[in-house]
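Engineer: Test case, fold it:
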Amino acid sequence: MLVLLVALAATAVTDAGWSWPRPGAVGWVALACLPLVFRSRAPFAVAAVVVATELVAELVAKNTTMIPGASLVAVYTVASLRPRRTAWLTGSVVAVIIAVCGLRVSGETAVSVQALVRFDVLILVTAVGDAVRSRRAQLAAAERRAVRAEQTREEEARRRVTEERIRIARELHDVVAHHVALVNAQAGVAQYLVRTDAEKAYRALGDIKETSHAALEELRSTVGLLRQPDDAPPSLTPVPDLDDLDSLVESFRRAGMTVEVTRTGDRRPLASAAGLAAYRIVQEALTNTHKHAGTATASVTLAYGTEMLEITVADDGSGTAPPGLGTGHGLIGMHERAAAFGGTLTAGPCPQGGFRVHAELPFPSRPKDNR
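Structural biologist: Numbers count the residues shown, from 1 in each chain. Alright, predicted model coming up:
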């Protein structure tokens with residue numbers, strides 16, 4: 001502001017030639033520059049006060065050589081802070097007013113050099129202010145887009161991490177709950193038989209060995225998902241699906257539970273991930289039956305329809321098991337597995353006793369034959 005005041009004061013001379021600035025003209029210049037301190041807070045009001053002050057100064061001092069510098073700064077501020085239409089309207093009005101007032105004071109024609117210079121300089125300042133405002137808006141928009149893009153990437157990364165964590169937790173729960181329940185049952189059988197039938201006890205211990213080996217393989221395969229790219233490769237154990245249902249059922253039978261399997265309809269394959277989900281649903285349902293109903297008789301029904309596979313696992317409620325409270329993670333996991341593939345799952349007590357789990361998983365859509 002001080003530099004502008006000194007520069008404008010140097011122009012406050014008489015028309016007769018170079019001389020020291022007149023004190024009155026310098027005072028008017030200072031008075032016109034003073035409102036510029038508040039130009040960012042109230043650009044319109046400051047522009048109006050500055051233009052009015054310079055016009056009055058020109059009429060009083062009769063100095064047509066003085067440059068309207070304060071008006072230039074005020075107009076630039078309006079153009080750089082306000083919308084384009086408002087900026088150009090303000091700049092044009094101020095340019096016309098100052099040019100016409102200069103002509104009235106000097107008595108020159110409308111096409112005089114001085115009038116054209118004043119008009120053109122104010123229009124140029126308006127254009128510069130508008131360009132600065134546009135550039136500032138572009139930079140702000142680019143920064144906002146960058147921030148939104150970064151936030152979107154972070155949210156997507158967090159979402160994927162959460163989904164992967166839930167999926168791995170679900171896998172670990174199913175694997176651990178199933179195999180530990182079987183090992184516990186087989187260990188109980190071996191403990192009972194070790195004094196009465198050594199041969200059967202030996203076979204029970206073999207079943208424990210096989211079950212624990214299968215648990216370790218599945219755990220190794222699941223934990224392998226957490227490895228980094230430069231770690232050793234995970235286990236190559238195939239992902240289980242409904243083709244492995246007989247082996248699953250046999251493991252429960254060896255643990256002392258009666259399981260009946262029924263298949264109806266024409267067998268159709270599910271997608272790989274959906275097959276794993278179906279296998280885990282049956283596995284978790286049978287594990288819950290063994291955990292809460294002990295040696296109850298369970299039935300597994302696979303009904304292959306035209307559009308979806310219906311899975312029903314139920315028990316007659318005749319078995320007994322030590323009382324205990326479950327965490328509910330198994331049922332939550334079964335619901336999530338079914339929902340992940342557009343299916344549904346219901347679970348609850350049967351009217352005649354026992355517990356029933358019913359899931360529906362859609363088959364992959366077949367491509368239409370356009371022949």
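
Engineer: Where does Val50 fall, secondary structure wise?
Structural biologist: helix 43-61 (DSSP states H and E).

Engineer: Tell me which other helices or strands that helix touches.
Structural biologist: With contacts taken as 3 or more C-beta pairs under 8 Å, 6 or more residues apart in numbering; DSSP states H and E, helix 43-61 sits against helix 23-33, helix 69-81, helix 84-106. For every residue, glycine as well, the C-beta is placed using N, CA and C.

Engineer: Spit out the contact partners of Ser251.
Structural biologist: 182, 207, 211, 214 (C-beta atoms under 8 Å, 6 or more residues apart in numbering).

Engineer: which of those sit farthest apart?
Structural biologist: Asp207 and Ala214 (10.5 Å; C-beta to C-beta).

Engineer: picking that back up, go through the contacts of Ser251 and flag which are in helices.
Structural biologist: Mapping these onto helices (DSSP state H) picks out 182, 207, 211, 214.

Engineer: distance of Val300 from Asp266?
Structural biologist: Val300 is 18 Å from Asp266, where distance means C-beta to C-beta, to the nearest Å.

Engineer: Who has more neighbours out of those two?
Structural biologist: Each of Val300 and Asp266 has its neighbours counted (other C-beta atoms under 10 Å); Val300 has more, 21 against 8.

Engineer: The more buried one sits in which helix or strand?
Structural biologist: Assigned by DSSP H and E, Val300 belongs to strand 298-304.

Engineer: Can you list the low-confidence ranges for the stretch 251-371 of the chain?
Structural biologist: For the stretch 251-371 of the chain, applying pLDDT under 70 flags the ranges 294-295, 319-328, 365-371.

Engineer: of all the contacts of Ser251, which comes closest to Ala146?
Structural biologist: Of all these, Ala214 has the smallest distance to Ala146: 50.4 Å, by C-beta to C-beta.

Engineer: Look at Ala278 and give its secondary structure.
Structural biologist: Look at Ala278: counting by DSSP: H, G, I helix; E, B strand; the rest coil, its state is helix.

Engineer: let me redo that: Glu360
Structural biologist: Three-state call for Glu360 (three-state DSSP): strand.

Engineer: Next one: it from Ala314, what distance?
Structural biologist: Counting by C-beta to C-beta, the gap from Glu360 to Ala314 is 15 Å.

Engineer: Show me where the stretch 151-300 of the chain has its strands.
Structural biologist: Assigned by DSSP state E, counting those that start in this stretch, the strands in the stretch 151-300 of the chain fall at 259-264, 298-304.

Engineer: Local confidence estimate at the residue nearest the centre of the chain?
Structural biologist: Centroid-nearest residue in the chain: Glu155, 3.1 Å away (criterion: C-alpha atoms, centre = their mean). What the model reports for Glu155 is a pLDDT of 86.

Engineer: Secondary structure element for Glu310, which one?
Structural biologist: Going by DSSP H and E, Glu310 is part of strand 308-315.

Engineer: okay but Glu58 is in contact with Gly102, surely?
Structural biologist: Yes - with contacts counted by C-beta atoms under 8 Å, Glu58 reaches Gly102, the gap being 7.0 Å.

Engineer: quick revisit: format the helices and strands packed on helix 43-61 as a markdown table; extra columns: distance to Val239.
Structural biologist: Listed next are the helices and strands packed on helix 43-61 as a markdown table, based on distance: least, C-beta to C-beta, whole Å:
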| stretch | distance to Val239 |
| --- | --- |
| helix 23-33 | 79 |
| helix 69-81 | 63 |
| helix 84-106 | 62 |
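
Engineer: Would you tell me which one of those is buried the most?
Structural biologist: With neighbours defined as mean count of other C-beta atoms under 10 Å, the helices and strands packed on helix 43-61 peak in mean count at helix 69-81, which reaches a mean of 24.

Engineer: Measure how the helix holding Val50 sits relative to helix 84-106, angle-wise.
Structural biologist: 10 degrees (axes from the mean of the first three to the mean of the last three C-alpha atoms, to 10 degrees).

Engineer: what about helix 43-61, distance to the chain center?
Structural biologist: The chain centroid and the centroid of helix 43-61 are separated by 53 Å, computed with C-alpha atoms, centre = their mean, to the nearest Å.

Engineer: tell me which residues in it are buried?
Structural biologist: Across helix 43-61, burial judged by 16 or more other C-beta atoms under 10 Å covers 43, 46-47, 49-51, 53-55, 57-58, 61.

Engineer: any idea of the angle the strand holding Val300 forms with strand 259-264?
Structural biologist: Comparing the axes of strand 298-304 and strand 259-264 via the same axes, to 10 degrees yields an angle of 10 degrees.
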